[in-house]
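> Sequence and computational prediction follow.
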Amino acid sequence: MVDFKVRLLHKESPLGKSLLIAGLFVVALILEYSTPTEYVFGYLYTGPILLANSWLGRRGTFQATFVAVCLTMLNLVMPGGEVMKASTIASRAIAAIALIVTGVLSDRLRRSEEAIALTRAKLEAQEELSRVREDFASTLTHDLKTPLLGAIETLKAFEQEKFGAVSSAQQKVLSTMTRSHQTSLQLLETLLDIYRNDTEGLKLNLAPVDLAILAEEAASTLSELAASRRVYLSLNYGESDWRRSLWVKGDALQLQRVFTNLLVNAINHSRRGERVEIVLEPQASYQVVKILDTGAGIVPEQFSHLFERFYQGHSQRQAKGSGLGLYLSRQIIAAHGGIIWAENRVPFGAMFAFKLPVYPSQSSLTV
């Protein structure tokens with residue numbers, strides 16, 4: 001019943017609200033002027049002031065405050081016939097100050113609440129727009145996979161001469177088209193993974209993994225890309241001249257993607273004839289992997305944006321990427337409890353590196 005009355009008051013017209021505030025003023029006024037002057041009932045005016053602030057806005061709040069202060073101080077001389085005492089004047093002055101403070105603070109509070117509500121509404125609108133965009137992108141990329149897979153299989157069938165003889169020139173064209181479609185498919189899969197990771201979190205299939213094996217496999221897979229760019233790939237184990245195992249507990253498939261992303265990034269930043277180096281450094285608590293290139297390096301203002309989604313930066317890179325590889329790599333390394341970072345080398349070049357916690361049973365697994 002009480003809740004119904006409150007909702008009814010909120011639905012009243014401005015005139016009804018004004019009449020209610022005036023009625024409360026009358027009640028306080030009767031108590032003020034029907035009792036001796038030393039009894040201060042002016043504090044009761046705080047109720048109408050707060051209601052005016054809530055219902056009538058800033059102007060109504062200041063009007064109600066002004067009237068309340070005037071009525072409180074006017075009771076010193078009206079209805080008259082009483083001797084004014086210093087203590088009574090002080091009490092009413094304090095009451096008047098309290099009413100002024102109530103009016104000012106309630107106005108500030110209302111404006112703060114309005115600003116907070118406006119900011120919240122803007123944030124909710126931005127979140128909803130972002131959610132719609134991501135849902136659209138996720139749906140679009142998922143739907144594009146099927147025609148791409150069909151095109152790739154068709155091109156492979158042509159290459160295998162299932163539809164008739166194919167000349168060497170045509171084989172080269174078909175091979176180029178297949179690689180292009182496969183690159184597009186990889187980009188779509190990366191996009192899908194990123195949207196899925198952002199919404200559902202990255203799901204890992206954890207098992208003991210040797211980072212040295214992943215590094216060797218990634219270097220072997222990308223050897224053709226490096227050769228086509230005239231970039232040399234090498235792998236070493238820091239200060240050691242011997243092959244060493246770097247065991248971690250991780251998802252081999254996801255960590256393989258990190259190696260691939262960082263190596264492709266380094267190859268794309270390297271000029272012809274330069275070298276990209278994979279350095280594996282086992283430490284007491286972490287296994288450290290460094291990808292070194294001798295390119296132009298990283299502009300200082302780019303460091304804070306390197307691992308953001310779709311960020312490509314500005315450099316003399318030989319091939320433009322999608323701006324997703326580093327972002328996905330950060331997601332994967334963070335999900336493994338590791339750290340990924342980048343820094344410039346002296347005198348030139350850049351280093352992208354990550355470190356992962358050492359697998360507890362490393363000693364029993366080391367070859």
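Received it, and whenever you're ready, just let me know what you need. Numbering: from 1, shown residues only.

> going forward, measure contacts between C-alpha atoms and count neighbours the same way
OK.

> Packing partners of the helix or strand that Ala151 is a member of?
Assessed by DSSP states H and E, Ala151 sits inside helix 86-159. Here helix 86-159 touches helix 46-55, helix 57-74, helix 168-200, going by 3 or more Cα pairs under 8 Å, 6 or more residues apart in numbering; DSSP states H and E.

> Would you mind saying which of those lies nearest Glu32?
Nearest to Glu32, of all those, is helix 57-74, at 7.8 Å by Cα to Cα.

> Just the CA atoms of the closest one, as CSV, please.
C-alpha atoms of helix 57-74 as CSV (Å, rounded to 0.1, in the frame of the first residue of the first chain):
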residue,chain,number,x,y,z
GLY,A,57,14.6,21.1,-9.9
ARG,A,58,17.2,23.7,-9.1
ARG,A,59,15.0,26.8,-9.2
GLY,A,60,12.3,25.2,-7.0
THR,A,61,15.0,24.1,-4.5
PHE,A,62,16.4,27.7,-4.1
GLN,A,63,12.9,29.2,-3.8
ALA,A,64,11.9,26.7,-1.1
THR,A,65,15.2,27.3,0.7
PHE,A,66,14.7,31.1,0.6
VAL,A,67,11.1,30.9,1.9
ALA,A,68,12.2,28.5,4.7
VAL,A,69,15.0,30.8,5.8
CYS,A,70,12.8,33.9,5.8
LEU,A,71,10.0,32.2,7.8
THR,A,72,12.5,30.9,10.3
MET,A,73,14.0,34.3,11.0
LEU,A,74,10.7,36.1,10.7
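
> quick one: average pLDDT of that helix?
The average pLDDT for helix 57-74 rounds to 89.

> so who does the nearest residue to Ala64 once chain neighbours are set aside touch?
Leaving aside its sequence neighbours, Ala64 sits nearest to Ile49 (Cα to Cα, 6 or more residues apart in numbering; 5.5 Å). By Cα atoms under 8 Å, 6 or more residues apart in numbering, Ile49 lies in contact with 61, 64-65, 102-103.

> okay, now the nearest residue to Asn53 once chain neighbours are set aside: neighbour count?
Among residues not flanking Asn53 along the chain, Thr61 sits closest, at 4.7 Å (Cα to Cα, 6+ apart). The tally of other residues near Thr61 (other Cα atoms under 10 Å) stands at 23.

> My understanding was that Thr61 contacts Arg108; is that so?
No. Look at Thr61 against Arg108 with Cα atoms under 8 Å: they stay out of range, at 10.9 Å.

> And stretch 27-41, end to end?
10 Å (Cα to Cα, to the nearest Å).

> List the buried residues for it?
For stretch 27-41, burial by neighbour count (16 or more other Cα atoms under 10 Å) applies to 28-29, 32-33, 37-38, 40-41.

> that older thread, now for the contacts of Ile49, which pair is the farthest apart?
Top of the distance list for the contacts of Ile49 (Cα to Cα): Ala64 and Thr102, 10.9 Å.

> Which one's more surrounded, these two?
Taking other Cα under 10 Å, Ala64 and Thr102 do not tie; Ala64 has more neighbours (27 against 19).

> Which residues are in contact with the more buried one?
48-49, 52.

> Okay, it and Phe303: tell me how far apart.
Relative to Phe303, and taking Cα to Cα, Ala64 is found at 56 Å.

> next one: Arg179
Taken as Cα to Cα, the span from Arg179 to Phe303 is 32 Å.

> do the same with Ala169
45 Å.

> Contacts only, for Ala215.
235, 256, 259, 278.

> Repeat that for Val258.
Residues near Val258 by Cα under 8 Å, 6+ apart: 325, 328-329, 332-333.

> Could you look up the SS state of it?
Taken by DSSP: H, G, I helix; E, B strand; the rest coil, the conformation at Val258 corresponds to helix.

> count of neighbours near the nearest residue to Ala22 once chain neighbours are set aside?
Computed as Cα to Cα, 6+ apart, the closest residue to Ala22 that is not its neighbour in sequence is Pro48, at 7.7 Å. Using other Cα under 10 Å, Pro48 has 22 other residues around it.

> How about Ile94?
Counted with other Cα under 10 Å, Ile94 comes out at 13.

> Next, find the distance separating it from Arg230.
As for Ile94, its distance to Arg230 is 86 Å (criterion: Cα to Cα).

> Low-confidence ranges, the stretch 251-367 of the chain, go.
Residue ranges of the stretch 251-367 of the chain with pLDDT under 70: 310-323, 361-367.

> And the helices in it?
Remark: helices assigned in the stretch 251-367 of the chain by DSSP state H, counting those that start in this stretch are 252-269, 325-335, 362-365.

> Would you convert these into TSV that also reports distance to Ser184?
Formatted as TSV, the helices of the stretch 251-367 of the chain follow (distance: least, Cα to Cα, whole Å):
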stretch	distance to Ser184
helix 252-269	15
helix 325-335	14
helix 362-365	38
